[in-house]
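Participant: sequence? don't have it. structure:
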């Protein structure tokens, strides 16, 4: 896939903090439009903190980060919802409302991100559920779905606003290998349609079977397989 010269994510000399602790220091990388990038590293190495900084859940105190046209170090609180309309965020623990149907979960996000036309909302709901292969589950409760199906709903939710990039934090971490493969193939399809993917993962098998560009959090740095030499297909 040909990439645009304008990156979706640009990070220059940035430091990432968790409360008062520096977890990543002086990091620089870019993610282009249409790229699929893995983010790896040991537990506690800073992967989740980096992702949270990208979607402005953690403040950026040092350095520069631009995401989907927004300068993260200068972003105002009122602009964070607009940033997140350009991102899709996929969590390992789903974060669904279990007292609401699948459709109600997705409508909640649409309303929260400025959708008002009920007809367009229904059409978009149908579109994203079809895209993840669950066109008939809108009236089901999340607990009636398997773990893999719930993760597909989370991906559908992340696609509602046609994001420029999907940021996924261990999306297959709680799923068995066969289901994980299906989720990976879904991410591939989304990526092939032009959406960038940044996927944090501990899934060594996925990296070996589907090699690609890798960012590795290690010893307070972010190594980039496009630049640095390291074996990212070994245990970590």
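Facilitator: On my side now, so go ahead. On a predicted model such as this, the values are computed, not experimentally measured, just so you know. Numbers count the residues shown, from 1 in each chain.
Participant: and the residue sitting furthest away from the middle of the chain, what element?
Facilitator: Relative to the centre of the chain, the most outlying C-alpha is that of residue 119, 27.7 Å out, by CA atoms, centre = their mean. Element membership for residue 119 (DSSP states H and E) is helix 118-131.
Participant: next secondary structure after that helix?
Facilitator: helix 147-159.
Participant: gap between that next one and the chain center?
Facilitator: 12 Å (CA atoms, centre = their mean, to the nearest Å).
Participant: cool, and stretch 28-43?
Facilitator: How far stretch 28-43 lies from its chain's middle: 10 Å, per CA atoms, centre = their mean.
Participant: list the buried residues of it.
Facilitator: For stretch 28-43, burial by neighbour count (16 or more other CB atoms under 10 Å) applies to 29-41. (C-beta placed from N, C-alpha, C; glycine too.)
Participant: now do the contacts for the closest residue in space to residue 217 that isn't next to it in sequence.
Facilitator: Distance criterion CB to CB, 6 or more residues apart in numbering; nearest residue to residue 217, sequence neighbours excluded, is residue 41 at 3.3 Å. Residues near residue 41 by CB atoms under 8 Å, 6 or more residues apart in numbering: 47, 216-218, 236.
Participant: now the least confident helix or strand in the chain by mean pLDDT: buried residues?
Facilitator: None of the helices or strands of the chain scores lower by mean pLDDT, DSSP states H and E than helix 204-209, at a mean of 86. Across helix 204-209, burial judged by 16+ other CB under 10 Å covers 206-207.
Participant: that's all I had, so thanks and see you.
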